[in-house]
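> All I have is the shape, not the residue letters:
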């Protein structure tokens, strides 16, 4: 494999509060190759969006990166001063957020917003920037792009707005695209169009994509590899087929079983009892141990790192030959 | 099995005209949205009818019409043989309200944050004067909480002390308080995480089996619908386009819109498959297309579809509103 475009190593994010420090992300490790789509799944509060905002350098204070490093094309970006990070954001990292309405300024035409973004990052004059903006709108599948150029966000439907946001993210041909729940606010038929668009742009521009979503179907459809997050850590990571069909971590097994499928017709869904622990009450040992059907003594004291399983890597003592667990 | 709920030609028109002054000064016309336009179906006792469709297709309006939160502009609803629109205003109506309850989408907005769980769950019991003394009320509330997998000790807590899934269980406990026969569930799991969604769906199925409940289940998630329903109605711009039993609908969808919807859902079983690209978007309900509302997006549309609106007709055991299906222009295998 070529050099990864994005490397995240031992990332730890903390929120200092009056009652002590909350560790929201701990020891998160992954990388993404050029042209690859990495899906990040997990339930609300697992830390998937936080991972995304750490990478684009938009962590909400008082949250801060306490340890670890983030490298883009080999260069460390997690400790850059805000103005240097600003130059990278938009130019080398494009971001797509969940709600297309709040990512666009309602007072400016979409053309003006696109041209502004393009001219901030690329040395183009006004007419070239306009031509490029229209080309981008066409590429993202907006019909009558020339006429739409001078319209305001409220004149666009939800799916069309999300296309504009994608066009904005692609404006400076970034190497990395962080897409945080890009299809969650959309209807299924529109969702399918947006996923196809994301996939196509990743392939055509050779951009690495980090796709954050809670929808396993979207991940299965779009991504090459998938990381499953639980309580601020990566529970399992591997190629998408293997994670779905031969999951090693009991949490992934439960998560896959709880999704109603279009194919199987089980009477009852598999259910994981309980809920994800709060950040201030993460149990010792493996964070999943109170809900785990295969828990054994070691899980309650010792936290597992990612271990090599049959097809994927999972943070579970069951994968340790000397672990003493029963699979 | 007998029908518990029947809807005949149900319609709801909302007046969305600009204010009077604007109409006078700017010569703007009155505007109406036909949110629901002639929907008929029956729900058999002890079964689940699911309504699916994209946002703005009128599925939530149907739910609200059934429980009497909206008054229909046209058509009627029968519950257990009783015409509800006139019944709401009589003594029978009060009993009727006890027999149907609703579960809403957002468990954060549908529980009063200043009430304890005991107050919330006991409200329908008090309102309908089903239980009078306080000790019996506490007893009944703790029984209801246990049924949905919560502890009796939870009743002194406030909604903010619970997670989303637990709150939705409180909503279910409240809906079950009056021992209803019919539950209208408007996207009950859309706001929940998948593992929590599985818990709530399992509780709903168990309750249906134990008590013979009848559900109207509204969702935009076809995989969830396939899991919970017996019959499925597909809605598009205020009308039913296809109504069939679950297995038929998912195995051989007839209406082009149903096919498109089924094609569009990303499913974990179908990794990496090429999808049929879906074109276009739902039109503006203020100015729906002429003829069949789906014709601008439909690959099978012809001249007839542009001018004549298809009715929901019987076709090989299911009901479908499509000229192309009726004329045999779409073969079942395609």
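Cool, got the structure. Fair warning: this is a prediction, and the values are worked out from it, not measured in the lab.
> Strands along chain A, start to end?
A:6-17, A:20-32, A:37-41, A:64-72, A:75-76, A:93-96, A:176-180, A:208-212, A:225-230, A:233-239, A:307-308, A:313-314 (DSSP state E).
> Can you give me the separation between residue A:81 and residue A:57?
According to Cβ to Cβ, to the nearest Å, residue A:81 and residue A:57 sit 10 Å apart. To be clear about C-beta, it is placed using only N, CA and C from the backbone, and glycine gets the same treatment.
> In chain A, what helix or strand scores lowest on average pLDDT?
helix A:100-103 (a mean of 78; mean pLDDT, DSSP states H and E).
> which other helices and strands contact it?
helix A:158-170 (3 or more Cβ pairs under 8 Å, 6 or more residues apart in numbering or on different chains; DSSP states H and E).
> contacting residues around the helix it packs on?
Residues external to helix A:158-170 that are found in contact with it (Cβ atoms under 8 Å, 6 or more residues apart in numbering or on different chains): A:94-97, A:100-101, A:103-104, A:110, A:113-114, A:117, A:133, A:136-137, A:139-142, A:153, A:156, A:177, A:179, A:182-183, A:185-187, A:190, A:193-194, A:197-198, A:201, A:205, B:281.
> now do stretch B:209-217
Residues outside stretch B:209-217 that contact it (Cβ under 8 Å, 6+ apart) are B:4-5, B:43-51, B:62-63, B:66, B:179-185, B:188, B:204, B:207-208, B:225, B:228-229.
> For ChimeraX, what selects the buried ones among these?
Applying 16 or more other Cβ atoms under 10 Å in any protein chain shown to those, the buried members can be selected in ChimeraX as follows:
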select /B:4,5,43,46,47,48,49,50,51,62,63,66,180,181,182,183,184,185,188,204,207,208,225,228,229
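> and the contacts of stretch B:209-217, which of them are in helices?
B:62-63, B:66, B:204, B:207-208, B:225, B:228 (DSSP state H).
> With pLDDT and distance to chain A added, can I get those residues in JSON lines?
Formatted as JSON lines, the ones in helices among the contacts of stretch B:209-217 follow (pLDDT from 0 to 100; distance: Cβ to the nearest Cβ, whole Å):
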{"residue": "B:62", "pLDDT": "93", "distance to chain A": "18"}
{"residue": "B:63", "pLDDT": "92", "distance to chain A": "18"}
{"residue": "B:66", "pLDDT": "92", "distance to chain A": "23"}
{"residue": "B:204", "pLDDT": "90", "distance to chain A": "11"}
{"residue": "B:207", "pLDDT": "90", "distance to chain A": "13"}
{"residue": "B:208", "pLDDT": "93", "distance to chain A": "12"}
{"residue": "B:225", "pLDDT": "90", "distance to chain A": "8"}
{"residue": "B:228", "pLDDT": "90", "distance to chain A": "8"}
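> For those, work out which two are farthest apart.
B:62 and B:207 (22.3 Å; Cβ to Cβ).
> pLDDT below threshold where in the stretch 201-334 of chain B?
B:267-278, B:331-334 (pLDDT under 70).
> Tell me which residues touch residue A:251, please.
When contacts are counted by Cβ under 8 Å, 6+ apart, residue A:251 touches A:228, A:230, A:235-236, A:272, A:288, A:291-292.
> next one: residue A:119
Shown in contact with residue A:119 (Cβ under 8 Å, 6+ apart): A:126, A:129.
> Residue B:102 too?
Residue B:102 sits in contact with B:63, B:67, B:69, B:175, B:183-186, where contact means Cβ under 8 Å, 6+ apart.
> go on, residue A:134?
A:145-146, A:149.
> Reformat the residues you listed as JSON lines; add pLDDT.
Listed next are these as JSON lines, based on pLDDT from 0 to 100:
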{"residue": "A:145", "pLDDT": "87"}
{"residue": "A:146", "pLDDT": "88"}
{"residue": "A:149", "pLDDT": "91"}
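> Buried ones only from the residues you listed, please, as a PyMOL command.
For the buried members of the contacts of residue A:134, the matching PyMOL selection, counting by 16+ other Cβ under 10 Å, is:
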select buried, chain A and resi 145+149
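> Skip the chain neighbours and tell me the closest residue to residue 152.
Reading this off chain A. Using Cβ to Cβ, 6 or more residues apart in numbering or on different chains and skipping the chain neighbours, the partner closest in space to residue A:152 is residue A:109 (5.7 Å).
> Switch to chain B, please.
In space, residue B:152 is closest to residue B:142, 3.4 Å off (Cβ to Cβ, 6+ apart).
> How about the helix or strand harbouring that neighbour, which residues are buried there?
Taking DSSP states H and E as the criterion, residue B:142 maps to helix B:134-147. Residues of helix B:134-147 classed as buried by neighbour count (16+ other Cβ under 10 Å): B:137, B:140-142, B:144-145, B:147.
> what's the offset of it from the middle of its chain?
29 Å (Cα atoms, centre = their mean, to the nearest Å).
> Quick one: name whatever helix or strand follows it.
helix B:164-176.
> Would you mark the buried spots in that next one?
Neighbour-count burial for helix B:164-176 [16+ other Cβ under 10 Å]: B:164-176.
> That helix - contacts with which helices or strands?
Going by 3+ Cβ pairs under 8 Å, 6+ apart, helix B:164-176 lies up against strand B:100-103, helix B:117-127, helix B:134-147, helix B:194-211.
> I'd like the next helix or strand past the longest one.
Meaning helix B:194-211. Using DSSP H and E, the helix or strand that follows helix B:194-211 towards the C-terminus is strand B:214-219.
> need the contact list for residue A:64.
A:13-14, A:16.
> Now the residue of the stretch 1-150 of chain A found nearest chain B: closest residue in space, sequence neighbours ignored.
At 3.9 Å from chain B, residue A:43 is the closest residue in the stretch 1-150 of chain A, using Cβ to the nearest Cβ. Sequence neighbours aside, residue B:193 is the residue nearest to residue A:43 in space, at 3.9 Å (criterion: Cβ to Cβ, 6+ apart).
> okay, now the one you found: neighbour count?
Using other Cβ atoms under 10 Å in any protein chain shown, residue B:193 has 22 neighbouring residues.
> Residue A:126 is in contact with residue A:115, isn't it?
Yes - at 7.1 Å, residue A:126 counts as touching residue A:115 under the criterion of Cβ atoms under 8 Å.
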